[in-house]
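J.: Following is a predicted model, sequence given first.
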Amino acid sequence: MLTIKMHTGSCIGISCMKPGCNILILGRNSSIFGSPLLKHGHFNKSNLSKSQSKLYCLMKTNCFHSNKVLGFRSVSDPNRSVFCGSGSKLGQFRVFSANEVEQNKKFGSAIANVASNIRNHSNSVESRVNENSFEKIYIQGGFNVKPLVVERIEQSQELVEQDEQKEKKYKVKEDNDLNTNNNDVSKEEVLESTLGRHISEDEKEAWNLLRGAAVNYCGNPVGTVAAADPADKQPLNYDQVFIRDFVPSALAFLLNGEGEIVKNFLLHTLQLQSWEKTVDCYSPGQGLMPASFKVKTVPLDGRDGEFEDVLDPDFGELAIGRVAPVDSGLWWIILLRAYGKVTGDYTLQERVDVQTGIRLILNLCLTDGFDMFPTLLVTDGSCMIDRRMGIHGHPLEIQALFYSALRCSREMLTINDSTKNLVVAINNRLSALSFHIREYYWVDMKKINEIYRYKTEEYSTEAINKFNIYPDQIPGWLVDWIPETGGYFIGNLQPADMDFRFFTLGNLWSIVSSLSTSKQSEGILNLIEEKWDDLVAQMPLKICYPALEHEEWRIITGGDPKNTPWSYHNGGSWPTLLWQFTLACIKMGKPDLARKAVALAEKRLPVDKWPEYYDTRYGRFIGKQARLYQTWTIAGYLTSKMLLDNPELASTLFWNDDYELLENCVCGLNSGRRKCSRLSARSNITV
């Protein structure tokens, strides 16, 4: 029989059953064993080298009757394949070390160097990196980070059966040990011992619901569904695992010492990263992470009663509005860092496939284009606010996550000849981005009064009103709403357009990542405390303030019936924002403010069956289309409680100020007639 083995600790198949001869086929542009494929995934033997031809004959000779392609097939796209990940049981596929191969003299082995033919990255960042040093062995999906070893194993059926019996005995013993441990000490008792306090019934219910929302793939947990309401007959895509939604679940598991599900999630989403997805025959840039994926069980062709698990990702081609997610890759990088910080296991982020995944995301985000700003240009609906809400352009939420992902990447990237230029690009972008947001997005009473007196149509580098903002754009509600002390970052900035709405996620994450200065961070929390009735009220926290109403709502949202005023993304209250508010408060030394919000939430969430969001100006009603038993609502509450109990762990999840960022001016406009704008403004934004 033919056995294909990886030196990565992961199998490369997806079936939990025992397949026949399964050959890895990646797609129309893929290659295997260094040779391109013809149409329909067939080899052309005449194009193979001598060693490749020998390997091809070995495969052909040892194949069973089945020639099914190894990899899962999407229901919507039969040409797409992905792999089964870490720890899966896949028939005869198992991991051998190099020493085992060398010691096993009776096995004839052939080592094939596997190289990918990933598309050339025609962007400014990758072009500055030594292309010859790029990980050539990275294949779409992240596995094959080391050479495949193909061995012809001549083993009797008796030996095979003996191995299977040993595995069964080991599995039974493992299960018995696990059950014994569970009987002696429950997970709740362990948690109570760790926290040093009694766990309420509401917390126990939340933990049961969170664990019940876990999704298994090939017998291993890989994430949590968005919502698990047993009464919901039309779950739509709420029965999928979302990268964005899983982050609070992942943090709850990590803080509770349950890191396996997070590791599996990171590796499996990495495998999905590079698949080509199209809308109207057009593909987004390589490196894009899916918004979500679903685990499906489908029957094996020609094998009655046998099934296999498949992963079916959605890159936006199925989403409402057909918008690709910009924030998924950013959240993935942030979670990867959190995994290492909380568990102390940094081997995951050091893997070659993981390092390459980080670089692909960065290459996609750092590509030069027509935009003049250091902020990331995105479309409406490409983040948590995933419907038309007038946030296209440079929304604050994406900039804060982008800044965080850049800081994470700078920490995690392995520095070598192929990454040193990328690190330089990251530092330059961090410097420019932090200045841009701190200087031009920040508003307080002083800044609003300055805008109120702006002159327009200014030309030259000496202009004060650089973006030609018209004073009449200052909305009437803001004049009376902004407090004397405190301020915030506006939602968006574009030529002649400032979106003065307060967006909670972007402002909170600016604090967490230190995108804001210490003074600005204090100002944001002061504003929330001062305007508690508007931003928190009876359910923390408003996703944005104020809501779009009347004619403005009809024009900007297109009359969206789900985003009616004070509902959903248009001023609705989202309990999942609680954990980020808690993290920001702990960082700024205001944990009591977070406790106040948590106490407010836990009075209603269990009674209301953990809704997705709340409606009305003060968050009094459960959202008219809100799902119940929403997983990230549950996880946000649990994560908040655990962060307050473990502030020392909370400190591993946020960043401190990096004062060197603003010193690294790379614009070259510091002499002569042309003057760098940051030099004149630095005194106003540093602490």
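T.: Noted; the coordinates are in hand.

J.: How confident was the prediction at residue 605?
T.: Note for residue 605: predicted pLDDT of 98.

J.: Ramachandran angles for it?
T.: phi -60, psi -50 (degrees, to the nearest 10).

J.: Now do the contacts for it.
T.: Neighbour list for residue 605: 202, 575, 611, 633, 637 [criterion: CB atoms under 8 Å, 6 or more residues apart in numbering]. No exception for glycine: its C-beta is placed from N, CA and C like everyone else's.

J.: what about 7 Å?
T.: 575, 633, 637 (CB atoms under 7 Å, 6 or more residues apart in numbering).

J.: those strands in the stretch 451-600 of the chain, which residues are they?
T.: Secondary structure of the stretch 451-600 of the chain by DSSP state E, counting those that start in this stretch: the strands cover 487-494, 497-503, 544-545.

J.: Just put those in a markdown table and tack on mean neighbour count, mean pLDDT and distance to residue 334.
T.: Shown next, in a markdown table, are the strands of the stretch 451-600 of the chain (neighbours: other CB atoms under 10 Å; pLDDT from 0 to 100; distance: least, CB to CB, whole Å):
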| stretch | mean neighbour count | mean pLDDT | distance to residue 334 |
| --- | --- | --- | --- |
| strand 487-494 | 23 | 98 | 19 |
| strand 497-503 | 22 | 97 | 18 |
| strand 544-545 | 22 | 98 | 21 |
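
J.: closest to residue 453 out of these?
T.: strand 497-503 (14.9 Å; CB to CB).

J.: which residues are contacting that closest one?
T.: Residues outside strand 497-503 that contact it (CB under 7 Å, 6+ apart): 396-397, 469, 473, 475, 478, 488, 490-492, 544-546.

J.: wait, which of those is closest to residue 562?
T.: Out of the contacts of strand 497-503, the member with the shortest distance to residue 562 (by CB to CB) is residue 544, at 14.7 Å.

J.: which residues touch the closest one?
T.: 501, 502, 503, 504, 571.

J.: for the residues you listed, which one is nearest residue 289?
T.: The closest of the contacts of residue 544 to residue 289 turns out to be residue 503 (CB to CB; 22.1 Å).

J.: tell me which residues form a beta bridge with that closest one?
T.: Beta bridges link residue 503 to residue 544, judged by DSSP bridges.

J.: Against residue 245, how distant is it?
T.: 18 Å (CB to CB, to the nearest Å).

J.: And residue 613, by the same measure?
T.: Applying CB to CB, the value for residue 613 to residue 245 is 13 Å.

J.: Under a three-state scheme, what state does residue 414 occupy?
T.: What DSSP: H, G, I helix; E, B strand; the rest coil gives for residue 414 is coil.

J.: and what of residue 198?
T.: Secondary structure, three-state DSSP: residue 198 is coil.

J.: Could you give the number of residues near the closest residue to it other than its chain neighbours?
T.: In space, and not counting its chain neighbours, residue 198 is closest to residue 192: 6.3 Å by CB to CB, 6 or more residues apart in numbering. For residue 192, the count of nearby residues is 14 (other CB atoms under 10 Å).

J.: circling back: distance to residue 347 added to the strands of the stretch 451-600 of the chain, as TSV?
T.: Conversion of those to TSV gives the following (distance: least, CB to CB, whole Å):
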stretch	distance to residue 347
strand 487-494	37
strand 497-503	37
strand 544-545	40
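
J.: Out of the contacts of residue 605, the closest to residue 520 would be?
T.: Once CB to CB is applied, the member of the contacts of residue 605 that ends up nearest residue 520 is residue 575, at 25.7 Å.

J.: my read: the closest one touches residue 635, true?
T.: No. With contacts counted by CB atoms under 7 Å, residue 575 stays clear of residue 635, the gap being 10.1 Å.

J.: quick one: low-confidence parts of the stretch 151-300 of the chain?
T.: Within the stretch 151-300 of the chain, the stretches with pLDDT under 70 are 151-186, 194-195, 274-277.

J.: Next: the chain.
T.: Low-confidence segments of the chain (pLDDT under 70): 1-186, 194-195, 274-277, 662, 664-687.

J.: Nearest residue to residue 473 in space, please, no chain neighbours.
T.: If you skip the residues right next to it in sequence, residue 473 has residue 498 as its closest partner in space, 5.9 Å away by CB to CB, 6+ apart.
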